[in-house]
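>>> Give me a 3D structure for the following:
(2 chains)
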Protein chains: 2
Amino acid sequence: MPFVRKAANRVANPRESSSHMKARVVVTLKNGVLDPQGKAIEGALKSLGVAGVDSVRQGKVFDVEVTGADAASAKAQLTAACEKLLANTVIENYQIDI
Amino acid sequence: MPFVRKAANRVANPRESSSHMKARVVVTLKNGVLDPQGKAIEGALKSLGVAGVDSVRQGKVFDVEVTGADAASAKAQLTAACEKLLANTVIENYQIDI
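Take a look at the predicted model:
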């Protein structure tokens, strides 16, 4: 079974034991938290004649390159980053896509 | 063909002619544009002991509620919103998910 042997070699290859991954972290305000910036954008869009926009809420996005053994450990690092710095968990939610 | 007739009725139903949709607009800096805010976050994460983060680039996200006849017309409105207000197309890209 040459295919299986090759796959086993790949897993054991130390050069692939840590890899670069691209992740996106989206931080948004929790429901019920006032968003004056979003309200201002909503008003500005109405003034500019863009129809059909009912509400706008603004958040932040972080495109992060992470090095980790696997996606799970990279996600754990990003969760730590969110809790410590990227999001204010009192008023914001975060979502990590990796 | 009862299924086809039903589908035709749905399209003609005036109560469904305009609907509320949730869309997410992500605005990110173009490649090559300096991002000092991202660099500062990168440095702060290193200081805080979050390992494995190689680079951070910050962008903006807008959660928008739109009313439109269909997804295509809502997307056209959002494209107008991006071009006029949400993104600076000289240095930023935008992506609309609806």
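
>>> how many neighbours does residue A:66 have?
24 (other C-beta atoms under 10 Å in any protein chain shown). Where you see a C-beta, it was placed from the backbone N, CA and C, and this is true even at glycine.

>>> wait, doesn't it sit right on residue A:73?
No - counting by C-beta atoms under 8 Å, residue A:66 does not reach residue A:73; the two are 9.1 Å apart.

>>> Need the overlap of contacts for the two.
residue B:52 (C-beta atoms under 8 Å, 6 or more residues apart in numbering or on different chains).

>>> Would you state the helices of chain A in chain order?
A:2-12, A:36-47, A:71-81 (DSSP state H).

>>> tell me what the longest one is packed against?
Contacts defined by 3 or more C-beta pairs under 8 Å, 6 or more residues apart in numbering or on different chains; DSSP states H and E place helix A:36-47 against strand A:53-68.

>>> Is chain B within reach of the strand it packs on?
Yes - Strand A:53-68 lies within reach of chain B by C-beta under 8 Å from any C-beta of the partner chain, at A:53-68.

>>> got a list of what the residue most central in space within chain A touches?
In chain A, the C-alpha nearest the mean C-alpha coordinate belongs to residue A:25, at 1.5 Å (C-alpha atoms, centre = their mean). Shown in contact with residue A:25 (C-beta under 8 Å, 6+ apart): A:61-62, A:64, A:78, A:81-82, A:86, A:94-97.

>>> burial count for residue A:24?
Neighbours of residue A:24 (other C-beta under 10 Å): 17.

>>> number of nearby residues for the closest residue to it other than its chain neighbours?
Residue nearest to residue A:24 in three dimensions, not counting chain neighbours: residue A:97, with 4.7 Å by C-beta to C-beta, 6 or more residues apart in numbering or on different chains. For residue A:97, the neighbour count with other C-beta under 10 Å is 10.

>>> and what of residue A:82?
Count around residue A:82 with other C-beta under 10 Å applied: 20.

>>> residues touching it, list them.
Applying C-beta under 8 Å, 6+ apart, the residues near residue A:82 are A:25, A:27, A:89, A:94, A:96.

>>> Any idea how many residues pack against residue A:39?
Neighbours of residue A:39 under the rule other C-beta under 10 Å: 14.
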